[in-house]
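1. quick one, fold the following:
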Amino acid sequence: MDPHLLRTFVTVVHWRSFSAAAEELGYTQSAVSQQIAALETDLGLALLYRRPVRPTPAGERLLEHAGPLLLRHRAARADVLRAAAGPAARLTVAASPLACTPAVARGLAASRTAVTLRTVGRERVAEQVVSGTADLGLVDGIAAPSDPLRLPDMEAPVRIGVAEEDLVVVLPGDHPLARRRGLALADLADALWLQAPAAVPVERLREIAGVGGFRVAFGYDGEDLHTVVNLAAAGSGLTLLPASVVAGAADGAGDRTVAGVPLTTPRVVHRVEVLHGAAEGPAAVLADQLRQPPSSTPPGTSAAGS
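-> Numbers count the residues shown, from 1 in each chain. As a prediction, this is how the structure comes out:
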């Protein structure tokens, strides 16, 4: 199956339009139509309804396989080019917004290898490593202590757990719950929450708490943690963050105080894993350097700004 035809098919399905797909791919609309027709001829099946443009049942099934197939094609190409080029003078590291914890940052700074750090969405870290867009990946998420993170279903690269720490509920310093020694997530289901890509998503809160609720009071479509902490301190909504983020916000909460109350139930931690595809070389060396025994931040972390 020609990967170029498959890529055209995926693009048409994404846009639900032959003309929009042609614009993105740099083809004429006629060329896109011909490529879809060639793919349908190869399989002997109709893959798209034309009006409106949408996948047929056979097209839906092909779409399930298309992502992994195209990713493996990109990974093979990247691997061949990387091997031919030799060791990279500078490594590109793709990291999700909360993956560069203080411990991870110290590990990167201590490395003898030049590094460029790029922030991407959690769901894109593994894809960038597998496809060769990044030499190394740092991905974070919520898990039970010592449990691996759930990553997208693909031929995953080598995974190493490099950091774990406690989570805290972030709220204004004068909030009635700010002086609690600990909080159960399920007890906060009726509270108003802050939704931000850099924080734990509200959907994930519902999942780990095992209850509904967790209404969004304020949405922030950005990845700056300083802004997230300031919004929580100002009362825009509660949020759940690694304890080190709040501890490091002591001088960054504007004219209000911010508190981080330890999450006691369920027992989950903020976990960071490093991903790499090469068995040896600079990326593997850096990944090994970042490895450290998991250690949780002591409970009771809080911070205040004046």
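
2. how far off centre is stretch 12-31?
-> 28 Å (CA atoms, centre = their mean, to the nearest Å).

3. first-to-last residue distance for that stretch?
-> 12 Å (CA to CA, to the nearest Å).

4. buried residues, that stretch. List them.
-> Buried residues in stretch 12-31, counted by 16 or more other CB atoms under 10 Å: 12-13, 17-18, 20-22, 25, 27. (C-beta placed from N, C-alpha, C; glycine too.)

5. and what of stretch 267-279?
-> Burial within stretch 267-279, assessed by neighbour count using 16+ other CB under 10 Å, is assigned to 268-278.

6. and those residues, which of them are in strands?
-> Secondary structure defined by DSSP state E assigns 269-276 of the buried residues of stretch 267-279 to strands.

7. can I get those residues in a markdown table with distance to residue 199 and pLDDT?
-> Shown next, in a markdown table, are those (distance: CB to CB, whole Å; pLDDT from 0 to 100):
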| residue | distance to residue 199 | pLDDT |
| --- | --- | --- |
| 269 | 15 | 94 |
| 270 | 11 | 94 |
| 271 | 15 | 93 |
| 272 | 15 | 94 |
| 273 | 19 | 93 |
| 274 | 22 | 91 |
| 275 | 22 | 89 |
| 276 | 27 | 84 |
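
8. so can I have TSV of the residues you listed showing distance to residue 53?
-> Listed next are those as TSV, based on distance: CB to CB, whole Å:
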residue	distance to residue 53
269	45
270	42
271	41
272	41
273	39
274	41
275	36
276	39
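
9. quick one: which of those is nearest residue 285?
-> residue 276 (9.6 Å; CB to CB).

10. all strands for this structure, in order.
-> When assigned using DSSP E, the strands of the chain occupy the ranges 48-49, 54-55, 90-95, 114-119, 136-143, 158-165, 167-172, 183-184, 192-195, 215-219, 239-242, 258-265, 269-276.

11. please name every helix or strand in contact with the third one.
-> The helices and strands touching strand 90-95, judged by 3 or more CB pairs under 8 Å, 6 or more residues apart in numbering; DSSP states H and E, are strand 114-119, helix 122-131, strand 136-143, helix 282-290.

12. ok, the fourth one next?
-> Using 3+ CB pairs under 8 Å, 6+ apart, the elements in contact with strand 114-119 are strand 90-95.

13. now the strand it packs on against strand 114-119, angle please.
-> Put simply, strand 90-95 runs at 20 degrees to strand 114-119, going by axes from the mean of the first three to the mean of the last three CA atoms, to 10 degrees.

14. now do the buried residues in strand 90-95.
-> Using 16+ other CB under 10 Å as the test for burial, strand 90-95 gives 91-95.

15. how about the residue lying closest to residue 210 once chain neighbours are set aside, what does it touch?
-> Leaving aside its chain neighbours, residue 210 sits nearest to residue 186 (6.8 Å; criterion: CB to CB, 6 or more residues apart in numbering). Residues in contact with residue 186, defined by CB atoms under 8 Å, 6 or more residues apart in numbering, are 209-211, 265.

16. what's the spacing between residue 186 and residue 137?
-> Taking CB to CB, to the nearest Å as the measure, residue 186 falls 32 Å from residue 137.

17. same deal with residue 219?
-> Residue 219 is 27 Å from residue 137, by CB to CB.

18. more neighbours: which of the two?
-> Comparing residue 219 with residue 137 by other CB atoms under 10 Å, the one with more neighbours is residue 137, at 31 against 14.

19. in contact with the more buried one, which residues?
-> Applying CB under 8 Å, 6+ apart, we find residue 137 in contact with 93-95, 125-126, 128-129, 157, 274-276.

20. just flag the most distant two among those.
-> 95 and 157 (14.4 Å).

21. who touches the residue nearest the centre of the chain in this structure?
-> Per CA atoms, centre = their mean, the C-alpha nearest to the average position across the chain is that of residue 122, at 0.4 Å. For residue 122, the contact set (CB under 8 Å, 6+ apart) comprises 96-97, 139-141.

22. from those residues, which is closest to residue 38?
-> Nearest member of those to residue 38, counting by CB to CB, is residue 139, at 37.4 Å.

23. distance of the closest one from residue 120?
-> Taking CB to CB, one finds residue 139 at 9 Å from residue 120.

24. I'm done for today, thanks for sticking with me.
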